[in-house]
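>>> Output the structure for:
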Amino acid sequence: MDYLEGLFLGKLWSDTDFENRRHMGLFVLYGLLVVSVVVFNFFFGRMLLGIGSFGVLQIVLFALLFLACPFICFRYYRMPMAGKIIILIEKLFKSYLVMSFTVGQMMRYIRIPKTGLQDYIINYLNSTLESYTEQFAASAGSFATVLAVLAGGIHVVLVFALVIIAAIVIPGVIYLLFVFLQRGYDWLISRFVIKRVFPTH
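Okay, here's the model as predicted:
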């Protein structure tokens, strides 16, 4: 329970030491989860649990939850267990909306065709090797093919690695951006509204 409170409520509304610990594994796991959903949506042509659909309804829901957050959370520790669970479920749903937004954005930038994926990869490899062969042909002579294969192989591996790293890191960065925006807004409301209207909260 303390872990969930620290994860979803943050230090402003939670008294756990969640943020004093390193959570790099959680950051990576979240990125892998988002990538897995993107891969599922891409290959199966449908959305897993609706993740990836972020239209007007989702925007309105997220905006309402974003604006209501400090008023929902400021009495968290005075609530009965049922009330706390409802708040944590609401936080989980907001995280679901953030993930859905992230997946939808990532899907928009996928330029690889689902049909003929193998041909696309082979053509990319061939074009990369041909490009390096042309570069080395004048200077390397008979070794041009060998150098092209080495350079092209390194190029492909680096591109693949960068794509994987970006796909894992970007979802976490987007999530953290939403978290920081929420906490900044919560702090302002707590400082200038809640503490004045509810001074003993």
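>>> Go ahead and measure how far the host helix or strand of residue 180 is from the middle of the chain.
Of the helices and strands defined by DSSP states H and E, residue 180 is found in helix 144-189. Chain-centre distance of helix 144-189: 10 Å, with Cα atoms, centre = their mean, to the nearest Å.
>>> Same check on stretch 26-40?
For stretch 26-40, the distance from its own C-alpha centre to the chain's C-alpha centre is 7 Å (Cα atoms, centre = their mean).
>>> And stretch 75-90, by the same measure?
26 Å.
>>> Flag every buried residue along it.
76, 84, 87-88, 90 (16 or more other Cβ atoms under 10 Å). No exception for glycine: its C-beta is placed from N, CA and C like everyone else's.
>>> same check, this time on stretch 106-119
residue 106.
>>> That stretch: end-to-end distance?
Looking at stretch 106-119, the gap from its leading to its trailing residue is 22 Å under the measure Cα to Cα, to the nearest Å.
>>> Give me the residues contacting that stretch.
Residues lying outside stretch 106-119 but in contact with it, judged by Cβ atoms under 8 Å, 6 or more residues apart in numbering, are 34, 38, 41-43, 45, 52, 120, 167, 170-171.
>>> run the last query once more with 10 Å
The contact list for stretch 106-119, computed with Cβ atoms under 10 Å, 6 or more residues apart in numbering, reads 34-35, 37-38, 41-45, 47, 52, 120-124, 166-167, 170-171, 174.
>>> What average pLDDT does it get?
Per-residue pLDDT over stretch 106-119 has a mean of 81.
>>> residues touching residue 192, list them.
Under the criterion of Cβ under 10 Å, 6+ apart, the contact list for residue 192 is empty.
>>> For residue 186, see how far away it is.
Taking Cβ to Cβ, to the nearest Å as the measure, residue 192 falls 11 Å from residue 186.
>>> what does residue 143 give?
If you measure residue 143 against residue 186 using Cβ to Cβ, the figure is 63 Å.
>>> For these two, indicate the residue with more neighbours.
Remark: of residue 143 and residue 186, residue 186 carries more neighbours, 21 against 11, as counted by other Cβ atoms under 10 Å.
>>> Read off the pLDDT value for the more buried one.
In this model, residue 186 is scored at 93, pLDDT.
>>> Contact partners for the spatially most central residue of the chain?
Closest to where the C-alpha atoms of the chain average out (Cα atoms, centre = their mean) is residue 171, at 1.7 Å. Taking Cβ under 10 Å, 6+ apart as the definition of contact, the neighbours of residue 171 are 27, 30-35, 37-38, 98-99, 102-103, 105-106.
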